[in-house]
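Undergrad: When you get a sec, could you give me coordinates for this:
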Amino acid sequence: MRDKQALTTGEVAKYCGVNFRTVIRWIERGHLDAYKLPGRGDNRIPVSSFITFLQDNNMPVPEDLTLGGRTLVLLADSDELSADLASCVRRAGWEPLVTTDPIRFGFLLAEHQPGAVAVTTGMAAESVSRLLRDMEGREVLMMLINQEGTAGIAPEGWCNYQWPSDQAGLTSALSGAAAA
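TA: Numbering: from 1, shown residues only. Take a look at the predicted model:
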């Protein structure tokens, strides 16, 4: 997940494979949004504006700048289960954001726009499906993870796993999604 809110002209130049003066010309000509810092007047380019610039010009968006690329937001019905799942997600190379509160879960979805979501009840999966419709154009891996011995029917487009017996399948799905 990206850590920065804005980039320097040098950082943008490096991502695009151009000289930093080219980036300054893009800013001066209005092709790229930027603001000047007080004092020396150095330019800063908001990451969201830079991503839009790249997309508008059919340039690849670096993975480290995309929101939620390797972030999974998990809504668990118990703290014990959430700790086990978070550990598994970390081993697969993803950053887990875990909550047992549905309101907080919605906030995390909106704020981080994750690459994957996981819930531990079928009812939650139905609600989350409705929330994800608002994230148009984004591919999100959706997983329903049921504790062993409980049955949950995953809505269309969701992967269904039994925990802990399908742990390898869950890890594999995350690894495959990360490579895509």
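Undergrad: what sits opposite residue 147 in the beta ladder?
TA: residue 163 (DSSP bridges).
Undergrad: That one is in contact with residue 121, isn't it?
TA: No - look at residue 147 against residue 121 with CB atoms under 8 Å: they stay out of range, at 9.8 Å. For the C-beta atoms, the positions are set from N, CA and C on the backbone; glycine is no exception.
Undergrad: Break down the protein into its strands, ranges please.
TA: Secondary structure of the chain (DSSP state E): strands at 6-7, 35-36, 43-46, 71-75, 95-99, 116-119, 141-147, 159-163.
Undergrad: Packed most tightly, which of these would that be?
TA: Greatest average neighbour count among the strands of the chain goes to strand 116-119 (a mean of 28), per mean count of other CB atoms under 10 Å.
Undergrad: mind giving me CSV with the strands of the chain and columns for mean pLDDT and distance to residue 16?
TA: Converted to CSV, those look like this (pLDDT from 0 to 100; distance: least, CB to CB, whole Å):
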stretch, mean pLDDT, distance to residue 16
strand 6-7, 89, 11
strand 35-36, 94, 19
strand 43-46, 93, 11
strand 71-75, 91, 25
strand 95-99, 89, 26
strand 116-119, 93, 29
strand 141-147, 91, 29
strand 159-163, 91, 36
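Undergrad: can you list the ones you listed in JSON lines and add distance to residue 23?
TA: As requested, the strands of the chain are exported to JSON lines (distance: least, CB to CB, whole Å):
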{"stretch": "strand 6-7", "distance to residue 23": "9"}
{"stretch": "strand 35-36", "distance to residue 23": "14"}
{"stretch": "strand 43-46", "distance to residue 23": "8"}
{"stretch": "strand 71-75", "distance to residue 23": "28"}
{"stretch": "strand 95-99", "distance to residue 23": "29"}
{"stretch": "strand 116-119", "distance to residue 23": "33"}
{"stretch": "strand 141-147", "distance to residue 23": "34"}
{"stretch": "strand 159-163", "distance to residue 23": "41"}
